[in-house]
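Student: mind looking at a prediction? Sequence and model below.
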Amino acid sequence: MKVFVTGANRGLGLSLVESGLERGHIIFAAVRSVSDKQIHDLQQLKEKYEGQLRIIHMDVTNEKSVEQAAEAVKLTDQYLDVIINNAAILNERDKTIEELDIHACLQAFDVNTLGPMRVVKHFLPVLRRGLEQKTMTNQAVINISSEAGSLSNAYSGDYPYGMTKVALNMLTEKLKVYLKDDDIDVLSIHPGWMKTDMGGESAPKLPKVTADNIFAVIENGLEDEQRFAFIDDTGTPMDI
Ligand code: NDP
């Protein structure tokens, strides 16, 4: 499979790259910065898995940059099977409504919700080309969501984060309807509480475990019988 991953330089994104490479897939790793420090781990994977990894510069908040990244993939590799929208920020954590910086809230929407929207807008033609190659049963868009985006899991704090993930889940549902006839599956996946910069040191789960689970879900074929396309990384339905 040819898989495109955003936010690929650290955390879950980096683990998704590693997991995909181990399984023999071709991975396009999109990163906000291509400075040596930022892509050090990816460079090491690139050397280890020769010919399987391409690093692409892309800031999900900059539409021109997303458009150029899609052009770069189109020019050289022609198509994709799976897009994983993983990049996100968790800002204004634990603030009360009175303390919130509204500009920071807008920034969270720009990355977490509009980011995946820009990516799908510009990468859909590349994904549709994959359909013509008939490399796998279904193409897929995977939006990495969060249990913080379940309406039934509302808690005080993390206002922008929870709201951006609820909105991301709606994007998933809308795309699922729009892309049904193309046989492109669309899913929101809650990855679990992971030990990353975002999840913190006390998180119980390693991102590599989640990444392996997500690839297993993709490779085993996505079941379309669920009412909503929101699951966890083991395939269990989440409350919307
Ligand atoms: P991290 O904070 O560890 O990594 C976030 C990634 O997103 C980084 O690669 C970062 O790049 C990238 N990113 C941020 N802004 C942009 C941007 N404008 N353009 C491109 N890339 C950007 O997060 P995690 O790995 O923990 O989280 C991965 C996903 O899992 C997210 O969608 C998150 O919401 C979700 N999630 C995580 C949980 C956890 O416990 N960790 C729990 C539930 C959901 P850079 O290094 O350049 O900043």
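Tutor: Yep, it's here.
Student: now the closest residue to the ligand within the chain: closest residue in space that isn't a chain neighbour?
Tutor: When distances are taken as Cβ to the nearest ligand atom, the chain reaches nearest to the ligand at G11, 2.2 Å away. C-beta: built from backbone N, CA, C; applies to glycine. Setting aside the residues directly before and after it, G11 is nearest to T196 in space (Cβ to Cβ, 6 or more residues apart in numbering), at 3.6 Å.
Student: D212 touches G20, doesn't it?
Tutor: No - contact criterion Cβ atoms under 8 Å: D212 and G20 do not qualify, at 9.9 Å.
Student: picking that back up, touching, the residue nearest to G11 and A203? I think so.
Tutor: Yes - T196 lies in contact with A203 (Cβ under 8 Å); the separation is 7.3 Å.
Student: the two: who's more crowded?
Tutor: Taking other Cβ atoms under 10 Å, T196 and A203 do not tie; T196 has more neighbours (20 against 14).
Student: give me the three-state assignment for that one.
Tutor: coil (DSSP: H, G, I helix; E, B strand; the rest coil).
Student: how about the contacts made by it?
Tutor: Contacts of T196 were listed using Cβ atoms under 8 Å, 6 or more residues apart in numbering, and they are R10, G11, L12, A203, P207.
Student: ok, and the most crowded of those?
Tutor: Ranked by neighbour count (other Cβ under 10 Å), the contacts of T196 have L12 at the top, with 29 neighbours.
Student: ok, and the closest non-adjacent residue to it?
Tutor: The spatially closest residue to L12, leaving aside those adjacent along the chain, is P207, at 4.4 Å (Cβ to Cβ, 6+ apart).
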